[in-house]
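# task: produce atomic coordinates for the following.
(2 chains)
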Amino acid sequence: MFKWRTEDFSWVDFTIDVLRVLIVLAVIIGSWNTLSSGRISFAQWVNLFIAGLSQGSIYALIALGYTLVYGILLMINFAHGEVFMAGAFSTVFLAEALNRTGFLNTQPMLSIILMILFAGLISMTVAILLERIAYRPLRGSPRLVPLITAIGASFFLQYTFRGLYGSGFKAYPQVKVLQGTVPIGAINIPTVQIFVFVSALFLMLGLHWLVERTRVGKAMRAVSENKEVARLMGIDIDWVIMFTFGVGGFLAGSAGVINGLFRPQGVNFFMGFIPGIKAFTAAVLGGIGNIPGAMLGGLFLGVIEAIGPNLVLAGLGIPGANQLKDVIAFTMLVLVLIFRPQGILGERLSEQKA
Amino acid sequence: MALLEVNDIHTYYGNIHALKGISFEVDAGEIIALIGANGAGKTTTLRTICGLMEPREGSVQYDGADISATRADLLVTLGISMVPEGRGVFAKLTVEENLDMGAYTRRDKGVKSDLDRMYGLFPRLEERKKQLAGTMSGGEQQMLAIARALMSSPRLLLLDEPSMGLAPVLVDGVFEIVERIKNEGVTILLVEQNAHMALQIADRGYVLQSGEMAFSDTAANLRQNEIVQKTYLGID
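Numbering: from 1, shown residues only, chains lettered A, B, ... in the order given. This is a model prediction of the structure:
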């Protein structure tokens, strides 16, 4: 820190250090103003924090897909937001049907599990087809090529699903048991937020078990470390790569259903874009390629997004602070890229991986 | 009939003609040493046999079948296992997980007893089975790489420079292990720069020179060969 004080002065280091000081100042002044004004009570902070955790766990589920694929292919699958959309958008019809028959409210648990499985399978299929058709033929080509292909695939998927289901918004039906709040101490927590957090946690534990304990999980780690040696072990690496895409897709599809039940504004063909970029931010935040990093990065981003605007921006007197949560999220991305490009848990990237 | 028969293979790296027509054979139960200077094509020969590279001309026959175009991961199930140059252990997997990966293609009951057998052969690995492989010393990693290759219960073991980067005292240990593996009935094709050690345990040897087979003989004769002594054994 403060390298510019020594003989080898550099304007880049100087600017970065000034930036660092300004950010710290802004955060301190903003927080001080907000906290001293007492505008937001402690219970409200806790509520914001928990809402942030719920939103963050959805980011985390999507971020895992980015990180799994990056870990194994060193490639950013920018169409992953659309994989999330595919599951969420398709399952809205299943949800409506379940709602019409009344099954959704008589058997909410079973219905939600059914919906998650259905969305997971749809997204998994999309992710696997994407890998098979768009990315596999490009393996070994310069890294810009699959990246551009991913962006193209992303548009292709958006407009395919627009063609399939139309361009309007469709809302997930309300599940009665998820309405209302649960009192914990003096604080009322919306039931749906607990549902989001707990189901995301289960999925993440499942992934952890898969990667750490199973034969195919070990093979995934082996392939991500050294493809050639993995092949010498008899591992069919094409199959493992496909499986990895499938797992990432399944998590994204489940996140789609969980998000649909959490966010009332509905789903459409373009819904994957913002969560996709946010989840990518979360993956970079945690250290891309690192599985616990993606989980942590997602939760972190969700909480920062919920608390940041109210704490810092409102305190600095910026109007409509709550609408600026996207600004906070993407500012975080820029800051992480400047100050800690390897992310929270990531290791310093070698030349080959950067 | 030979277990492995390499017939006039030509292998290229892009436009570089790395192997210019190499032929040799390995009989079941033998240790064959492949010696030569840096860049002579030793590693390329192993990579061509184990399926990581495909010869543009010529063929590789294993157990009577042509395997020239068979993928590396399928050859493991046929009983060919390779210890790659530079060991190639999975640094972020534990020792035991590395061994599990060695047995990836097997689903039989013998895996557990083979694991115990490896721990018997290399007690050091059992002490460190929960440790990440990347944290072990070079010698231990070499032991792990050999044990991992054996976990697929191969008939033919390809060893690429097992002594590379090891202290002399460890080199002796590695070659002792190689002899023990041979006594258990595994056929071994050994690539070495350390020709001195390789020719002591080998039955026969082949000498490669810039992608071509210079000559071959029994290991005992090669040790007495003037050219080999001068070029590879450092005896004047």
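
# quick check: next helix or strand after the lengthiest helix in chain B?
For chain B, the helix that runs over the most residues, judged by DSSP state H, is helix B:168-183. Per DSSP states H and E, helix B:168-183 leads on to strand B:187-192 as the next helix or strand towards the C-terminus.

# neighbours of residue 31, how many?
Using chain A here. By the criterion of other Cβ atoms under 10 Å in any protein chain shown, residue A:31 has 17 neighbours. In short, each C-beta sits where N, CA and C put it, glycine included.

# oops, I was thinking of chain B
Look at residue B:31: counted by other Cβ under 10 Å, it has 24 neighbours.

# near chain B, which residues of the stretch 201-350 of chain A?
Selection of the stretch 201-350 of chain A residues close to chain B by Cβ under 8 Å from any Cβ of the partner chain yields A:215, A:218-219, A:221-222, A:225-226, A:228-237.

# just these: which are in helices?
Taking DSSP H, the ones among these that sit in helices are A:215, A:218, A:219, A:221, A:222, A:225, A:228, A:229, A:230, A:231, A:232, A:237.

# so the third one touches residue A:231, yeah?
No - taking Cβ atoms under 8 Å as the contact criterion, residue A:219 and residue A:231 are not neighbours in contact, 10.9 Å apart.

# residues of stretch A:282-293 that come out buried?
Applying a neighbour-count criterion of 16 or more other Cβ atoms under 10 Å in any protein chain shown, one finds A:282, A:283, A:284, A:285, A:286, A:287, A:288, A:289, A:290, A:291, A:293 buried in stretch A:282-293.

# from chain A, how far out is the closest residue to residue B:136 other than its chain neighbours?
Counting by Cβ to Cβ, 6 or more residues apart in numbering or on different chains, residue B:136 lies nearest to residue B:128, which is 6.3 Å off, once chain neighbours are set aside. Summarising the geometry, the distance separating residue B:128 from chain A, computed by Cβ to the nearest Cβ, to the nearest Å, is 17 Å.

# any stretches of the stretch 151-300 of chain A with poor pLDDT?
Low-confidence segments of the stretch 151-300 of chain A, defined by pLDDT under 70: none present.

# swap in chain B?
For chain B, the stretches flagged by pLDDT under 70 are B:234-236.

# domain ranges for it?
Structurally, chain B divides into domains by automatic domain parsing as follows: B:4-79+B:154-231, B:90-151.

# would a markdown table of the ones you listed with distance to residue A:263 be doable?
Below are the domains of chain B laid out as a markdown table (distance: least, Cβ to Cβ, whole Å):
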| stretch | distance to residue A:263 |
| --- | --- |
| domain B:4-79+B:154-231 | 44 |
| domain B:90-151 | 37 |
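
# so which of the ones you listed is nearest residue A:184?
Distances from residue A:184 to each of the domains of chain B were compared using Cβ to Cβ; the shortest belongs to domain B:90-151, at 39.0 Å.

# end-to-end on that closest one?
The distance separating the two terminal residues of domain B:90-151, taken as Cα to Cα, to the nearest Å, comes to 15 Å.

# and it, how far from the chain's centre?
Domain B:90-151 has its C-alpha centroid displaced from the chain centroid by 17 Å (Cα atoms, centre = their mean, to the nearest Å).

# the residue in the stretch 101-250 of chain A that chain B sits nearest to: what's it in contact with?
For the stretch 101-250 of chain A, the residue positioned closest to chain B under Cβ to the nearest Cβ is residue A:234, at a distance of 3.3 Å. The contact partners of residue A:234, by Cβ atoms under 8 Å, 6 or more residues apart in numbering or on different chains, come to B:73, B:74, B:76, B:77, B:104, B:105, B:152.

# which SS class is the first one?
The three-state label given to residue B:73 by DSSP: H, G, I helix; E, B strand; the rest coil is helix.

# before we move on, what about the third one?
Classification of residue B:76 by three-state DSSP places it in helix.

# grab the nearest non-local neighbour of it.
In space, residue B:76 comes closest to residue A:234 once its chain neighbours are excluded; the distance is 3.3 Å by Cβ to Cβ, 6+ apart.

# just to revisit the earlier point, residue B:28 versus the residue of the stretch 101-250 of chain A closest to chain B, what's the distance?
Residue A:234 sits 21 Å away from residue B:28, taking Cβ to Cβ, to the nearest Å as the criterion.

# who's residue 187 bridged to?
Here I'm looking at chain A. Each beta-bridge partner of residue A:187 is listed here, defined by DSSP bridges: residue A:184.

# my question was about chain B
Note on residue B:187: beta-bridge partners by DSSP bridges are residue B:156.

# quick one: residues contacting it.
By Cβ under 8 Å, 6+ apart, the residues touching residue B:187 are B:3, B:4, B:26, B:27, B:28, B:29, B:30, B:31, B:155, B:156, B:157.

# the same query, at a cut-off of 7 Å, please.
Contact partners of residue B:187, counting by Cβ atoms under 7 Å, 6 or more residues apart in numbering or on different chains, are B:3, B:26, B:28, B:29, B:30, B:155, B:156.

# doesn't residue B:4 make contact with the last one?
The reference is to residue B:156. Yes - counting by Cβ atoms under 7 Å, a contact exists between residue B:156 and residue B:4, whose distance comes to 6.1 Å.

# before we move on, the earlier item: of the contacts of residue A:234, select the buried ones using a ChimeraX command.
Buried subset of the contacts of residue A:234, written as a ChimeraX selection, criterion 16+ other Cβ under 10 Å:
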select /B:73,76,104,105,152
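
# ok, the residue lying closest to residue A:199 once chain neighbours are set aside to residue A:202 distance?
Across the structure, with Cβ to Cβ, 6+ apart as the measure, the residue nearest residue A:199 apart from its sequence neighbours is residue A:258 (5.7 Å). From residue A:258 across to residue A:202, the span is 11 Å (Cβ to Cβ).

# next: residue A:144.
Computed with Cβ to Cβ, the distance linking residue A:144 and residue A:202 is 38 Å.

# residue A:74 now?
Look at residue A:74 and residue A:202: by Cβ to Cβ, they are 29 Å apart.

# the closest residue to chain B within the stretch 51-200 of chain A sits in which helix or strand?
The minimum distance from the stretch 51-200 of chain A to chain B, using Cβ to the nearest Cβ, falls at residue A:71 (10.5 Å). In this assignment (DSSP H and E), residue A:71 forms part of helix A:42-73.

# any idea which helix or strand comes after that helix?
Per DSSP H and E, the first helix or strand lying C-terminal to helix A:42-73 is helix A:80-101.

# how about residues contacting that next one?
A:62, A:65-66, A:104, A:111, A:115, A:118-120, A:122-123, A:126-127, A:154, A:157-158, A:161, A:165, A:170, A:172-173, A:248-249, A:252-253, A:255-257, A:259-260, A:267, A:269, A:271-273, A:275-277.

# got the buried residues for that helix?
By neighbour count with 16+ other Cβ under 10 Å, helix A:80-101 contains the buried residues A:80-92, A:94-95, A:98-99.

# and it with helix A:42-73, angle?
If you take axes from the mean of the first three to the mean of the last three Cα atoms, to 10 degrees, helix A:80-101 sits at 120 degrees to helix A:42-73.

# residue B:32 versus the residue most central in space within chain B, what's the distance?
Here the mean C-alpha position of chain B is nearest to the C-alpha of residue B:159 (Cα atoms, centre = their mean), at a distance of 1.5 Å. Separation of residue B:159 from residue B:32 (Cβ to Cβ) stands at 10 Å.

# got any residues that touch both of the two?
Shared contacts of residue B:159 and residue B:32, defined by Cβ under 7 Å, 6+ apart, are found at residue B:190.

# quick one: contacts for residue 124?
By default, I'm working from chain A. Contacts for residue A:124 (Cβ under 7 Å, 6+ apart) come out as A:246, A:249, A:250, A:253.

# please go with chain B instead
Going by Cβ under 7 Å, 6+ apart, residue B:124 touches B:140, B:143.
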